[in-house]
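> Output the structure for:
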Amino acid sequence: MVPGIQAALAAAIGFATVACGDHETRPPTDLAIPDTVTHEPPPPDSPPSNPAQPDSTPSDTSSNPAGPAIPAPQELLASALSVSEVRLSWKDASASEAGFEISRSTSEVTGPYTLISTAAANLTTFSDATLSPGERYCYQVRAKAGEGNASSAHSNQVCAVTMSGATPPVRIVTFGDSNTEWGVNGVDPRVLARSYLSEGSYLAAMAPHTSDQLAGKIETRWKAARSNAVRAVNHAISSTTTGGGGFGGANRHSSGAPHARTAVAGITRFEGEVLGLRWPWSGGERVSSKYTDGAVRRVQAFAPEPNDFVYVSMGTNDPGSRMSTQQTLTNLQWMIDRWLAAGRSADHFLLTTLAPRTGALGTSFPALNNGIRALAASRGVVLIDLATHTSPDNGRTWRSDSFHVGDGLHYSETVRDWLADQVVTEMSRRVP
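Numbers count the residues shown, from 1 in each chain. Purely as a prediction, here's the structure:
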């Protein structure tokens, strides 16, 4: 990506300093935005960007009535979590449209665009499902005229690249707190990258993970070992717990982020982010300095298929919310049971024990880790024993200072490397 565009998008996302647990993070310094996703601002209301080739989108089909143009769709986002499909989500800014027109470009974000489909009034999603693997597709949407008004201008323009590689494609969601969300370099405590759920403008929803994060490391190792198409989605949020929704602690962290069992419109965060229910589920975040455009649409979520996985590593923040060990175990069991109820295999659910947390809040970790091992065995899910790797005493103290970033709480990069190796090994055993 051109450096100027990368800097502009990073600035648009607007990451800010945020406190997590007993450690304050610093602004990311190198959030990498690869050219698999592209965003352009909405075009002006003037003629199409390529007048030499007449635009086949709404300006050619409306009769230009005397009424004012209705508002354009806002905050268009695209997600390519398939070898053949791109899903679109936008916000409806008009109360009187007759429908929406979706246009696609297979060349550049600037066009030319061709009308490919329409959507009914009040709909805000569209699936383009007859695409080719590894190809870049760009989109724009506008509202068709209704009630005597003129059709709207186009929305912003977005691009996405479909997955590529051998079949079957493989996807995994990494679900957890800051230790799963963040990317760090070695034992340096500076946070280099965060998930799109953590903070920022709506554009953060299209900002992928980086090679410093667990999700990025999983993809890198998978590609080195296997030819199957792969995509890892980072659905972790710092400072969050297994609870909320009446199942321990508050519903939200002070940042506004929902906890795992907090429900919005009847769907919990776990169900929206891991099971892809009510796509794109929104966490209901309010406009703030961290969520500058308000609620974050989980456009990178998907309904898991037989070769998909989930990685869950949560509970580190539960004691700080006065949650008992039993409540944490009950919440983790609920997540497993929801996965199984969705028809997914137990051995595609990867569950970790917990690394140490220095101080009084970590005293319950040995008992919690014993409970996690027993839970994994009883439900038949895959256990990744992080506690044994990082601690000589079952999660009470650290085996080495090289395993954390100096705060006794957050993993160093070497732990994420080890975790990625374990995850890819377990995934590879189960994918043909």
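> in this structure, what spans have low per-residue confidence?
Along the chain, the parts satisfying pLDDT under 70 run over 1-66.
> top strand in it by residue count?
When the chain is parsed with DSSP state E, its longest strand is strand 166-176.
> Which elements pack onto the helix or strand that that one is followed by?
Sequence order places helix 178-181 as the next helix or strand after strand 166-176, per DSSP states H and E. Packing partners of helix 178-181 (3 or more CB pairs under 8 Å, 6 or more residues apart in numbering; DSSP states H and E): strand 228-236, strand 309-313. Placement of C-beta: from N, CA and C, glycine included.
> switch to 7 Å and redo it
Under the contact criterion of 3 or more CB pairs under 7 Å, 6 or more residues apart in numbering; DSSP states H and E, helix 178-181 touches strand 228-236.
> what's the domain layout of the protein?
When the chain is parsed with automatic domain parsing, its domains come out as 42-155, 166-430.
> Give me the distance from the shortest one to the chain's centre.
Yep, that's domain 42-155 we're talking about. Centre-to-centre, domain 42-155 and its host chain are 24 Å apart (CA atoms, centre = their mean, to the nearest Å).
> Please apply the same query to stretch 385-397.
29 Å.
> Contacts for it next, please.
Stretch 385-397 is contacted from outside by 352-356, 362, 365-366, 369, 398-399, 403, 415, 418-419, using CB atoms under 7 Å, 6 or more residues apart in numbering.
> Sort out which of those residues are buried, if you could.
Among these, the ones that count as buried by 16 or more other CB atoms under 10 Å are 352-356, 362, 365-366, 369, 398, 403, 415, 418-419.
> Inside helices: which ones of those?
Per DSSP state H, helices hold the following members of the buried ones among the contacts of stretch 385-397: 365-366, 369, 415, 418-419.
> ok, of those residues, which one's closest to residue 303?
For those, the closest approach to residue 303 (CB to CB) belongs to residue 419, at 25.1 Å.
> tell me the most buried of the domains of the chain?
When you average the neighbours per residue for each of the domains of the chain (mean count of other CB atoms under 10 Å), domain 166-430 leads with a mean of 20.
> how long is that domain end to end?
Using CA to CA, to the nearest Å, the end-to-end distance of domain 166-430 comes to 15 Å.
> One more: stretch 217-235?
15 Å.
> for stretch 100-118, same thing?
End-to-end distance for stretch 100-118, by CA to CA: 5 Å.
> Stretch 67-86 now?
Chord length of stretch 67-86, first to last residue, is 34 Å (CA to CA).
> Stretch 91-108 too?
This stretch, stretch 91-108, spans 23 Å end to end (CA to CA).
> same question, stretch 146-162
Stretch 146-162 has an end-to-end distance of 34 Å (criterion: CA to CA).
> cool, stretch 178-185 as well?
End-to-end distance of stretch 178-185 (CA to CA): 15 Å.
> ok, so what distance separates residue 296 from residue 205?
Taking CB to CB, to the nearest Å as the measure, residue 296 falls 6 Å from residue 205.
> ok, now residue 288?
As judged by CB to CB, residue 288 and residue 205 stand 16 Å apart.
> ok, back up a step: packing partners of the longest strand of the chain?
Using 3+ CB pairs under 7 Å, 6+ apart: strand 166-176 touches helix 214-225, strand 228-236, helix 269-274, strand 309-313.
> and residue 251, which of these is closest to it?
Nearest of the helices and strands packed on strand 166-176 to residue 251, taken as CB to CB: helix 269-274 at 9.8 Å.
> Just the CA atoms of that closest one, as PDB, please.
Taking Å, rounded to 0.1, in the frame of the first residue of the first chain, the C-alpha atoms of helix 269-274 are listed here in PDB:
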ATOM      1  CA  ARG A 269     -21.000 -11.200  22.000                       C
ATOM      2  CA  PHE A 270     -19.800 -14.800  21.800                       C
ATOM      3  CA  GLU A 271     -22.700 -15.800  19.500                       C
ATOM      4  CA  GLY A 272     -22.200 -12.800  17.300                       C
ATOM      5  CA  GLU A 273     -18.400 -13.000  16.900                       C
ATOM      6  CA  VAL A 274     -17.900 -16.800  17.000                       C
END
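> residues touching the residue nearest the centre of the chain, list them.
Among the residues of the chain, the one closest to the centroid is residue 235, at 4.4 Å (CA atoms, centre = their mean). Contact analysis of residue 235 by CB under 7 Å, 6+ apart lists 173-175, 195, 197, 273-274.
> how about these, which pair is most distant?
Spatially, the most separated pair among those is 195 and 274, at 13.5 Å (CB to CB).
> Grab the nearest non-local neighbour of residue 253.
Nearest residue to residue 253, sequence neighbours excluded (CB to CB, 6 or more residues apart in numbering): residue 239, at 4.6 Å.
> What residues are bridge-paired with residue 313?
residue 176 (DSSP bridges).
> Same question for residue 297.
The residues listed as beta-bridge partners of residue 297 by DSSP bridges are residue 282.
> ok, it to residue 204 distance?
Computed as CB to CB, the residue 297 to residue 204 distance reads 10 Å.
> ok, back up a step: not counting the longest strand of the chain itself, show me its contacts.
81, 83, 163, 180, 214-215, 218, 227-236, 273-274, 302, 307-314, 427, 431-432.
> Show me how far stretch 159-169 is from its chain's centre.
17 Å.
> next one: stretch 152-171
Distance, stretch centre to chain centre, for stretch 152-171: 14 Å (CA atoms, centre = their mean).
> ok, residue 380 - contacts?
Listed by CB under 7 Å, 6+ apart, the contact set of residue 380 reads 346-347.
> If you could redo that for residue 205, that was the one I meant.
77, 196, 296-297, 299.
> Alright, that wraps it up for me.
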